[in-house]
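# Quick one, structure for this:
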Amino acid sequence: MAKDFDSMEDSNRSANPSIHEVSDPARRVFLLGGIGALAVGALSPWLAGRAFAAGRGPLLGFQPVPVSEADLVLVPEGYEAVPIAAWGEPVGVPGNMPAFRWDAGNSAADQAAQMGMHHDGIHYYPIDGSSKRGLLVMNHEYTDDGLLFPDGKSNWTAEKVAKAQTAHGVAVIEVELRDGRWEMVRPSKYARRYTARTPFKVSGPAAGHALLQTEADPDGRTVLGTLNNCGSGMTPWGTYLSAEENWAFYFDGPAERGADQRRWGLLRTGLSRWGEHDPRFDAGRHPNEFHRFGWIVEIDPFDSAAMPVKRTALGRGAKEGAWVATTRDGRAVAYSGEDARFEYIYKFVSRDRIAPGGARANATLLDHGTLYVARFDADGTGRWLPLVQGEGPLTADNGFADQGAVLVRSRQASDLLGATKMDRPEWIAIDQGGRTLYCTLTNNSRRGAPSRPGVDAANPRANNTMGHIIQWTEDKDFDATTFSWRHLLLAGDPDNERPEARGNIRGDSFACPDGLAMDTRGVLWIQTDITSDEKGRGEFQGLGNNQMLACDPATGEVRRFLTGPVGCEITGLTLTPDGSTMFVNIQHPGEPLTPREDNLEVPNLHSNPADPRKYSNWPDFRPDGRPRSATVAIRKLDGGPIGT
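Coordinates of the predicted model:
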């Protein structure tokens, strides 16, 4: 999840051409010929898909729920959704289980043993193969200080910085199905938190690099903390991959920022105020600390003694997440995208095969291999361009003296290679059997604006407020360097006045696709993130609160499965092995109209009929309550698989 902050400058001002500048002129005319022509071209592949669909039963077996603006989680008839593990609940560390305080008076030490703020990516790890007992590992993306502290950012102190930092990161909790309800197991030997103050090992080609060395860590091999963790992946060897997304916004920059710092979106004054009491977040004083975030982090859920690792071979970026496929010969291929306007889609192909023996046997698997960036060509084909030092323009003369420099400066390397600038690539779902991948492109309000890139084949709408989902199939195997692609769908409402906002959805309308996952039955689950300030625009009227939908990729049918409470984002989903329980995260219920503005998310304003804005105190609904991010456990009342 990332906000499309219009007040922030775009960091990608590279001169590499967009597709529409180099593609065939006839193709270009088709793309620019209007949304009607575009919809026909995008949906024509469904004709082949329907023949496949006709030979099987319906994939989507539930009746869709209506659009909602209620402060509730709504699911189809025959289902239940029960909140668990809300922000501030103790995770279950033995001997350290501080209760949540409704006055926001918990200390930083308390918060370090509690669920963090703003749940995001999540995965279920069964204990002994069980669908009734396992571990949930989830990200905590960012904080709203108007909720975290009684007085927001007023009277800013080192203790407040410490509490905010411990509300970030990752949680590992144990859960169990008891008497038909999922509950946290507390205490648990597995329970723990990783925060912005936890030591992380650095591995891969950039470990120890001069760009990662600091006064506090002259070896450049141990980083304190992870932050702004967004999407997540589960590896075939049983570990958890967490992505550090909008880390750049936490740093204060120097008065005069260099070209590299501007390319990475370093602000003169960060959004967090951490630098006032934690000098490592002052990039003017400690410029290399800025390079030590933006990595994919690997965690072993079952080994609390193992130090988590930042895997530099996968490249640095404002990564949304990392999702792993497996080649026919058993190598890992990790896909990721940067959730920022005009950034790129990547994949990493491991050098070695996945070894039997789980996490320990594959402790260095993600340290060796090749990183690629995607180019989507206008003829429906694409190519993976290797980010390898010494190949093409990635030479010392261009600022890439070694592979570590390529990985630390992966954006600049991708600029030189001519990769395709995308409309905020977010989550990626993998169809392992079909070698097919899906990626949500949430939106890009600046495409086609003056001095900004125009439309191209892969990103075909100017002022793309609604977003779309792109699909590609790798040639022969996941390690291929070529692929074919098409649009799965263009989001939007057919009743919108502006043609570029109408979309071509067959079924229930939605906007701003974000979270994405494919289950074992082949259902593609889509989660949305329309921000509160976007909802105020006319073309978003009628879409209601954020939602989760199910798509049959073979037919293109979309059905709305869930709607969330006021102001929330629906994000992160995982299922038990038998498919009978789905865990989904409800992030930032009650998000204010201006994201991250202090003291807007305060108790009881949601119920003030004189205030035109709507607020939430889901899931507790206490008169003195605060809205809290939480996980919902969704079950079908008859015990059957979700979605049938």
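
# quick one, strands of the stretch 101-250 of the chain?
119-126, 133-140, 169-178, 181-184, 192-194, 199-203, 222-224, 229-234, 240-244 (DSSP state E, counting those that start in this stretch).

# any chance of those in CSV, plus mean pLDDT and distance to K319?
Glycine gets a C-beta too; all of them are placed from N, C-alpha and C. Converted to CSV, the strands of the stretch 101-250 of the chain look like this (pLDDT from 0 to 100; distance: least, Cβ to Cβ, whole Å):
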stretch, mean pLDDT, distance to K319
strand 119-126, 98, 11
strand 133-140, 98, 12
strand 169-178, 98, 15
strand 181-184, 98, 29
strand 192-194, 98, 17
strand 199-203, 98, 15
strand 222-224, 98, 15
strand 229-234, 98, 8
strand 240-244, 98, 4
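
# For Q471, find the nearest of these.
For Q471, the closest of the strands of the stretch 101-250 of the chain is strand 229-234, at 18.1 Å, according to Cβ to Cβ.

# Show residues contacting the closest one.
In this structure, residues lying in contact with strand 229-234 by Cβ atoms under 8 Å, 6 or more residues apart in numbering are 1-2, 120-123, 125, 137-141, 168-170, 240-246, 297, 319-324, 334, 339, 426-427, 515, 572, 574.

# From P199, how far out is G544?
43 Å (Cβ to Cβ, to the nearest Å).

# okay, now T520: neighbour count?
11 (other Cβ atoms under 10 Å).

# Contact partners for it?
Applying Cβ under 8 Å, 6+ apart to T520 gives the contacts 575, 579.

# Using the three-state scheme, assign it.
With DSSP: H, G, I helix; E, B strand; the rest coil as the basis, T520 sits in coil.

# Model confidence at it, what's the number?
Reading off the confidence values, T520 has pLDDT 96.

# cool, G625 as well?
80.

# measure the residue lying closest to it once chain neighbours are set aside to L147 for me?
Nearest non-adjacent residue to G625, counting by Cβ to Cβ, 6 or more residues apart in numbering: N617, 4.2 Å away. N617 sits 10 Å away from L147, going by Cβ to Cβ.

# cool, R628 as well?
With Cβ to Cβ as the criterion, R628 and L147 are 8 Å apart.

# Now do the helices in the protein.
19-22, 25-31, 35-43, 46-54, 108-111, 145-148, 158-166, 259-263, 358-361, 403-408, 410-417, 532-535 (DSSP state H).

# and the second one, average pLDDT?
What that stands for is helix 25-31. 28.

# what's the answer for the fifth one, then?
Mean pLDDT, taken over the full extent of helix 108-111, equals 98.

# mind listing what's buried in it?
Neighbour-count burial for helix 108-111, with 16 or more other Cβ atoms under 10 Å as criterion, is recorded at 108, 110-111.

# List the contacts of I428.
Contacts here follow Cβ under 8 Å, 6+ apart; on that basis I428 touches 321, 323, 335-337, 345, 437-439, 516.

# From the residues you listed, pick the one nearest D278.
G321 (26.3 Å).

# List the contacts of that closest one.
So G321 contacts 121, 230-233, 241-243, 336-337, 426-428 (Cβ under 8 Å, 6+ apart).

# Dump those into a markdown table; add distance to D379 as well.
What follows is these, written out as a markdown table (distance: Cβ to Cβ, whole Å):
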| residue | distance to D379 |
| --- | --- |
| G121 | 34 |
| C230 | 33 |
| G231 | 30 |
| S232 | 34 |
| G233 | 31 |
| L241 | 33 |
| S242 | 36 |
| A243 | 31 |
| S336 | 25 |
| G337 | 22 |
| E426 | 25 |
| W427 | 26 |
| I428 | 23 |
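
# What is the nearest of those to R560?
Nearest member of the contacts of G321 to R560, counting by Cβ to Cβ, is W427, at 18.2 Å.

# partner residues bridging the closest residue to the closest one other than its chain neighbours?
Leaving aside its sequence neighbours, W427 sits nearest to L516 (Cβ to Cβ, 6+ apart; 3.9 Å). L516 forms beta bridges with I526, as assigned by DSSP bridges.

# Model confidence score at the closest residue in space to P66 that isn't next to it in sequence, please.
Computed as Cβ to Cβ, 6+ apart, the closest residue to P66 that is not its neighbour in sequence is R560, at 7.5 Å. Per-residue pLDDT puts R560 at 98.

# isn't R560 right next to Q547, touching?
Yes: counting by Cβ atoms under 8 Å, R560 does reach Q547; the two are 5.5 Å apart.

# and for these two, which residues touch both?
Applying Cβ under 8 Å, 6+ apart, one finds that R560 and Q547 are jointly contacted by 67, 510.

# and for N617 and L147, which residues touch both?
626-627.

# Where does pLDDT dip in this protein?
Across the chain, the ranges flagged by pLDDT under 70 are 1-10, 13-57, 592-614.

# switch the cut-off to 80
1-57, 533, 535-537, 592-615, 623-624 (pLDDT under 80).
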